[in-house]
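Undergrad: any chance you can model this:
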Amino acid sequence: MRSLERRYRRSGTDADRLAWIKQLKAMHVLYEEKDRQYWRRKIAESSGNMEKLWQTLAGVHTHTSV
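TA: Below you'll find the model as predicted:
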């Protein structure tokens, strides 16, 4: 990721910029998916325990409002 950015910064070519931006977007998609999986797992772990579920949901709300 950083190597693609450095390559673009050195060369300034459109092709290097495109490669860097494509990788950057893929990284964001990966992080968003990992975040969704984390919260789905936390909610699933809370099933059957309403107090824990509400605490988890409060964490989701706090996490998304930052």
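Undergrad: CA atoms for contacts and neighbours, from now on please.
TA: Noted.
Undergrad: neighbouring contacts of the lowest-mean-pLDDT helix or strand in the chain?
TA: Ranking every helix and strand in the chain by mean pLDDT, DSSP states H and E puts helix 50-64 at the bottom, with a mean of 79. Residues from elsewhere that reach helix 50-64, judged by C-alpha atoms under 8 Å, 6 or more residues apart in numbering: 39, 42, 43, 46, 47.
Undergrad: quick check: buried residues in that helix?
TA: For helix 50-64, the neighbour count (16 or more other C-alpha atoms under 10 Å) marks 53, 56, 57, 60 as buried.
Undergrad: so where do the helices sit in this structure?
TA: 2-11, 14-45, 50-64 (DSSP state H).
Undergrad: and the closest residue to residue 20 other than its chain neighbours, how far is that from residue 34?
TA: Counting by C-alpha to C-alpha, 6 or more residues apart in numbering, the nearest residue to residue 20 once its immediate chain neighbours are dropped is residue 4, at 5.0 Å. From residue 4 over to residue 34 the distance is 23 Å, taken as C-alpha to C-alpha, to the nearest Å.
Undergrad: follow-up on the earlier one: quick one: which of the buried residues of helix 50-64 is nearest residue 9?
TA: Within those, the smallest distance to residue 9 is 37.2 Å, found for residue 60 (C-alpha to C-alpha).
Undergrad: how near is the closest one to residue 34?
TA: Taking C-alpha to C-alpha, one finds residue 60 at 14 Å from residue 34.
Undergrad: again with residue 13
TA: Residue 13 is 32 Å from residue 34, by C-alpha to C-alpha.
Undergrad: ok, residue 10 next?
TA: Taking C-alpha to C-alpha, one finds residue 10 at 32 Å from residue 34.
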